[in-house]
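[1] sequence unknown, structure follows:
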């Protein structure tokens, strides 16, 4: 049965000679894997341009519940919003890779999808549109995403009691205060962290996720971010 849905591209892998399997977070069905046939062939009109990290799509998909191989199929897809800077600016594209890696680890098909999807769309468009002051937006995303996946941050004591020990360049109270500031403000609020504080807040949040999500593991894209935001 065909369904219309919107989606956020996370990543894709090559499949057979000219196809791919794309991991897409949808507003209707949550996180899904879609086979897209022929997209890597020379005859493909769309190619892979619309399947880059954080691309927003409008799709018509075939959806079957409880599929054994968990692979769905796409009938049609087109851009829902044209990214003007994320694919072309190194810092933004690196943030996009970090965000897609994070989302791949934490989003599940059974999530309450609508509000999460709208939050992520707002984040993506704002990241794409900002010309400055976007360098800490991925940290903000991590802080606010905790409220959607079951271990939301509300006060300083919740951060302190987790007893996350790590090497930091700034005082732990600065880290706590910065995280709580992000937690208590929306994304349009001024969000300026120096490089050292941003790195420590990000490292803290990754450890925080690791304590609350079994098998969370490491985020490989952090290495790229640490090199770019020195």
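    Yep, that arrived. Everything numeric here is computed off the predicted structure, so don't read it as measured data.

[2] give the buried residues for the helix or strand of the chain with the lowest mean pLDDT.
    Every helix and strand in the chain was compared by mean pLDDT, DSSP states H and E; the lowest is helix 156-161, with a mean of 78. For helix 156-161, the buried set under the neighbour-count rule, 16 or more other CB atoms under 10 Å, comprises 158-159. C-beta here means a position set from N, CA and C on the backbone, and glycine is covered the same way.

[3] check which element follows it along the chain.
    Elements were assigned by DSSP states H and E; along the chain past helix 156-161, the next helix or strand is helix 172-184.

[4] just the element for the most centrally placed residue in the chain, please.
    Taking CA atoms, centre = their mean, the centroid of the chain lies closest to residue 99, which sits 3.2 Å from it. According to DSSP H and E, residue 99 maps onto helix 90-106.

[5] would you mark the buried spots in the helix or strand following that helix?
    As assigned by DSSP H and E, the chain's next helix or strand after helix 90-106 is helix 113-129. By 16+ other CB under 10 Å, the buried positions in helix 113-129 come out as 113, 116-117, 119-121, 123-124, 127-128.

[6] give me the number of residues near residue 227?
    9 (other CB atoms under 10 Å).

[7] do the same with residue 7
    Neighbour count of residue 7, defined by other CB under 10 Å: 26.

[8] and what of residue 171?
    Using other CB under 10 Å, residue 171 is surrounded by 11 other residues.

[9] kindly report the same for residue 27.
    What residue 27 shows, counting by other CB under 10 Å, is a neighbour count of 17.

[10] give the contact list for it.
    Counting by CB atoms under 8 Å, 6 or more residues apart in numbering, residue 27 makes contact with 5-7, 113-114, 117-118.

[11] and the nearest residue to it once chain neighbours are set aside, what does it touch?
    Spatial nearest neighbour of residue 27, excluding adjacent residues (CB to CB, 6 or more residues apart in numbering): residue 117 at 4.1 Å. Applying CB under 8 Å, 6+ apart to residue 117 gives the contacts 6, 8, 25-27.

[12] so which of those residues wins on neighbours?
    The contacts of residue 117, ranked by neighbours (other CB under 10 Å): first place residue 8, 25 neighbours.

[13] state the distance from it to residue 183.
    23 Å (CB to CB, to the nearest Å).

[14] can you check residue 154 too?
    8 Å.

[15] out of these two, which sits in the busier spot?
    Counted by other CB under 10 Å, residue 154 and residue 183 do not tie: residue 183 has more neighbours, with 18 against 12.

[16] wait, that one sits on residue 145?
    No. Counting by CB atoms under 8 Å, residue 183 stays clear of residue 145, with 11.0 Å between them.

[17] related to what we said a few turns ago, and the buried residues of helix 113-129, which is closest to residue 86?
    For those, the minimum distance to residue 86 (CB to CB) is 5.0 Å, reached by residue 128.

[18] check contacts around the closest one.
    81, 83-86, 92.

[19] make a ChimeraX selection of the buried ones in those residues.
    Of the contacts of residue 128, the buried ones go into a single ChimeraX selection, burial set by 16+ other CB under 10 Å:
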select :83,86,92
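
[20] tell me which of the contacts of residue 128 fall in strands.
    Counting by DSSP state E, the contacts of residue 128 place residue 81 in strands.

[21] I'd say residue 99 and residue 54 touch.
    Yes. Look at residue 99 against residue 54 with CB under 8 Å: they come within range, at 6.6 Å.
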